[in-house]
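**Q** this is a predicted model, with the sequence first.
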Amino acid sequence: MKKFLLFFTITLALCGVVFGMYMEYIHISEYPIFIESYDHGTLSVDLPGAQGDDGKYKVMGKKDSQVLININPERNDSEYYNLKMLTVNGEDVTDQVRMLQYTATVTQKLTVVATFEKGERPEEDVAVKKLSVTSPDIEKYASNAYLGSYSAYNIKDPSIIYDSDSGYFYCFGSNNVVIKSKDLVNWIDRTTYFKHPENAVSNTIMSFSQFDSVSSWANEHGYSGDELNSDKNQNRSPSAPEVVKVGKTYYLYYSIVKEQDANESAIFCVKTDNLKSAVDNKEWTDVGLVVSTCGTNGGTRTLIDADGNKSTVNIPAEYDKANATHPSVMYDGSKMYMAYGGYYGSGKLGGEIYLLELSTSTGLMKSLGGINGEGESVSTMHDGKMYKSGKLIADPGRVPALEETDGSLVSGADLVYNKDEGYYYLFVTYGYGDTNYNVVVSRSKKVEGPYTDFSGQDMASYSKGSMYGKGYMLMGGYNFVNSSKGKVSYTDVGRASIGAPSIIKTENGNWYIASQSQIYFKAGTEITTSSKKAEESSLMLASEPALEVRALNWNDEGWPMASPEVYAGKSKKDTKIKLDDLYGNWDVILFRNSGDEDDAKAVARAESQIVSLLEYATISQNDISNSNAINFSGAIKKDGAAFTFTLDSVTYTVYPDAVWDWELKEGSIVFTGIGSDGTAIWGKKKLSTTLGLYTSAFYYVYGKCEGTLAETYKLRTDELSINPSQAQIDICVNDMLADLKK
């Protein structure tokens, strides 16, 4: 026993020594770095896990490693600051700073402090010039009051139509909500379009008794008006409305979903000849049932006979091929078609999109001939008629990684005809729930398809592994992480789960795309419509979807391109973008589909990268450590309104514009375009510069110089001292690139 106790004591002591050595190793191998900056500037370090705010935070660094400190003086239209002093552990190291960067060695105690002072802007510094993109109400457009206004929030599945009689754009949304606007920016008069519920704020279920066609369908599917007002049916409100004008008649289509996790659904139609009166007075003429599907999870169902007697029956689980949800109706001037479907289809997952031809005189399914005559039968019968699902035009297939309750893979279709381009376009929403919705586009010369993407893939032909790689991804969740004035751990605002597109063409020929999205707010930000605040250490995702409208343009090949910024009205005067305006540093978003079938939550949110567009080359900051960072063939070239450049071996053709920047709340230059591989690209120019973030481009190019050339540019670097302007850096880099290219 004594030997055992001795052995146990020695073993415990050895374990303690080993543990102590391990803990000591942990502590001596990684030390905290304290960063402090004061008044009109920030410091940033390219290390993960920053804790704190912009002016004072902590990161961890490995012992004896070299850490690069980027120095970011505030420089905007009205003020220009320089570095006054940089200290490390109390020692002044300002004279060792070059090009607004300092390299420090991580020691057990490392505290870096910067102070800034006001300076004079160099005459050649043109990078921060302000564009004339303001309008009389631009400050209101950019304020948090707009982002948090109740009229802009809680608009799901938007459908926008212009009413020439009243001069208003009306936006109809799920849950019986409608708002209106004169300019597609300021939305007012939130109300309902049907009588019940009476309060647009409550978003409670609608009364089916107001329309005979809905009441008949509800009774046939086993629930009464009383049951509709119970808690278990709170999602039985009208969803995904669509409004289309044919002649003088406005048709409003909407869907009712009995079971959210099945496809027991129907699409109905009402009409009016006076849209304003119909909205104001909640008075529509009932047209009838367009199409119905009857999938169910099974279980018991209550049936009601003509005398009001109830009976209970057991029914098996079954799912129709189609799902009668989310109608999109298009009138091309002679014929009318409806694309619909999504969320759940056969087997619960999938959500195929189908196409039906409608009658222009009745607004209902065309009874003889037409596309529906070639469709597949579904198991629902109404008034003795077998309804057809229509023609399949988009099939996402199955993704095994999803659970049965995980939701849609493709939904929210919008069918559009662009006469100028000669194509029918199918916009759909790909993705999972409220996590990674994104908008995908395909097109066809014929309305019945096939609808193909940028690379010629047929949207209706599913093959394993292709679901997330199919379709031209127009836009999705994103965050311009480098456009936040040098913030360290988070940015001001980002967008997530962009979907449910609604395409608008105004009477003057301008195109726009409306969508719903979730908004990321900076930690600690108060949101007007909610009492909640973000946790101090993270971004918060607003729970209600917000309405967004963006300008939509078409490239020379006839593909749509969405603006990187939410539309904020026309500028006072046109600002022509010149080639010189494009030189410099850009915050760039690339929207790429994932081809991984098992990655059900791919493309959740695209984060930006810094790209330097210069006269002789394009530099990718993401690839600054390898040979792919620099593209000498990527010099910007101008071709009419478009510009081209090469980034990571892909040639992009982009179209610049002067817009209002929501994130930075100032005028800015942006571009939108498409790469040679079908990748959508957004760019935002950094007009409010934070130079320390970008001088790595200089050092990367400088590292390519040798011998006399290296000595020449070392002298030029010394002349620039510690406080260069962005223009000085750009000129120096461009000269080096020209010399290297020789």
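**A** It's in. Numbers count the residues shown, from 1 in each chain.
**Q** so where do the helices sit in the stretch 151-300 of the chain?
**A** 212-220, 225-228, 275-281 (DSSP state H, counting those that start in this stretch).
**Q** ranking these by mean pLDDT, which is last?
**A** Mean pLDDT is lowest for helix 225-228 among the helices of the stretch 151-300 of the chain, at a mean of 44.
**Q** among the helices of the stretch 151-300 of the chain, which is nearest W187?
**A** helix 275-281 (13.6 Å; C-beta to C-beta). For glycine as for every other residue, the C-beta is placed from the backbone atoms N, C-alpha and C.
**Q** W554 - how many residues pack around it?
**A** Residues near W554, counting by other C-beta atoms under 10 Å, number 16.
**Q** same question, I504
**A** With other C-beta under 10 Å as criterion, I504 counts 20.
**Q** next one: L47
**A** By other C-beta under 10 Å, the residues close to L47 number 17.
**Q** now do the helices in this protein.
**A** Counting by DSSP state H, the chain has helices at residues 2-29, 138-142, 144-147, 212-220, 225-228, 275-281, 579-582, 695-702, 707-720, 726-741.
**Q** mind listing what the closest residue to I669 other than its chain neighbours touches?
**A** Excluding its sequence neighbours, the residue lying closest to I669 (C-beta to C-beta, 6 or more residues apart in numbering) is K685, at 4.3 Å. Applying C-beta atoms under 8 Å, 6 or more residues apart in numbering, we find K685 in contact with D581, L582, G584, N585, W586, D587, S668, I669, V670.
**Q** give me that answer again for 10 Å
**A** 127, 131, 483, 577, 581-587, 613, 656, 661, 668-671 (C-beta atoms under 10 Å, 6 or more residues apart in numbering).
**Q** take those residues and keep only those in strands.
**A** Within those, residues falling in strands by DSSP state E are G584, N585, W586, D587, L613, P656, D661, S668, I669, V670, F671.
**Q** by pLDDT, give me the weakest of those residues.
**A** Out of the ones in strands among the contacts of K685, that is D661, at 72.
**Q** and M99, how many neighbours?
**A** There are 23 residues near M99, going by other C-beta under 10 Å.
**Q** an error on my part: the question was meant for D556.
**A** 12.
**Q** the closest residue in space to C732 that isn't next to it in sequence and G675: what is the separation?
**A** Nearest residue to C732 in three dimensions, chain neighbours excluded: R716, at 5.8 Å (C-beta to C-beta, 6+ apart). Taking C-beta to C-beta, to the nearest Å as the measure, R716 falls 34 Å from G675.
**Q** more neighbours, the two?
**A** G675 (21 against 14).
**Q** now tabulate the helices of the stretch 151-300 of the chain in a markdown table and tack on distance to N723.
**A** Formatted as a markdown table, the helices of the stretch 151-300 of the chain follow (distance: least, C-beta to C-beta, whole Å):
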| stretch | distance to N723 |
| --- | --- |
| helix 212-220 | 70 |
| helix 225-228 | 69 |
| helix 275-281 | 59 |
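**Q** okay, these in TSV with distance to Y170 and mean neighbour count next?
**A** TSV is the format used below for those (distance: least, C-beta to C-beta, whole Å; neighbours: other C-beta atoms under 10 Å):
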stretch	distance to Y170	mean neighbour count
helix 212-220	22	18
helix 225-228	26	14
helix 275-281	6	17
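**Q** closest one to G390 among the ones you listed?
**A** helix 212-220 (18.6 Å).
**Q** can I get the closest one in CSV? Just the C-alpha atoms.
**A** Extracted in CSV, the C-alpha atoms of helix 212-220 (Å, rounded to 0.1, in the frame of the first residue of the first chain):
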residue,chain,number,x,y,z
ASP,A,212,-66.3,32.4,-52.0
SER,A,213,-63.5,30.6,-53.8
VAL,A,214,-61.3,30.5,-50.8
SER,A,215,-64.1,29.5,-48.5
SER,A,216,-65.0,26.6,-50.7
TRP,A,217,-61.4,25.4,-50.9
ALA,A,218,-61.1,25.8,-47.1
ASN,A,219,-64.2,23.7,-46.5
GLU,A,220,-63.1,21.1,-49.0
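**Q** just checking, what packs against that helix?
**A** Applying 3 or more C-beta pairs under 10 Å, 6 or more residues apart in numbering; DSSP states H and E, we find helix 212-220 packed against helix 225-228, strand 249-257, strand 264-272, strand 285-294, strand 299-304, strand 377-382.
**Q** give me that answer again for 7 Å
**A** If contacts are counted by 3 or more C-beta pairs under 7 Å, 6 or more residues apart in numbering; DSSP states H and E, helix 212-220 sits against strand 264-272, strand 285-294.
**Q** which one of these lies closest to T115?
**A** The nearest among these, by C-beta to C-beta, is strand 264-272 at 63.7 Å.
**Q** neighbours around Y331, how many?
**A** Count around Y331 with other C-beta under 10 Å applied: 16.
**Q** quick one: T272 and A278 touch, right?
**A** Yes: using C-beta atoms under 7 Å, T272 is in contact with A278, at 3.8 Å.
**Q** which neighbours do these two share?
**A** When contacts are counted by C-beta atoms under 7 Å, 6 or more residues apart in numbering, T272 and A278 have W284 as shared neighbours.
**Q** ok, what's across the strand from T646?
**A** T651 (DSSP bridges).
**Q** isn't it up against I619?
**A** No: at 11.1 Å, T646 does not count as touching I619 under the criterion of C-beta under 7 Å.
**Q** these two: who's more crowded?
**A** A direct count of neighbours by other C-beta under 10 Å for T646 and I619 places I619 higher, at 25 against 19.
**Q** gap between that one and G167?
**A** Taking C-beta to C-beta, one finds I619 at 49 Å from G167.
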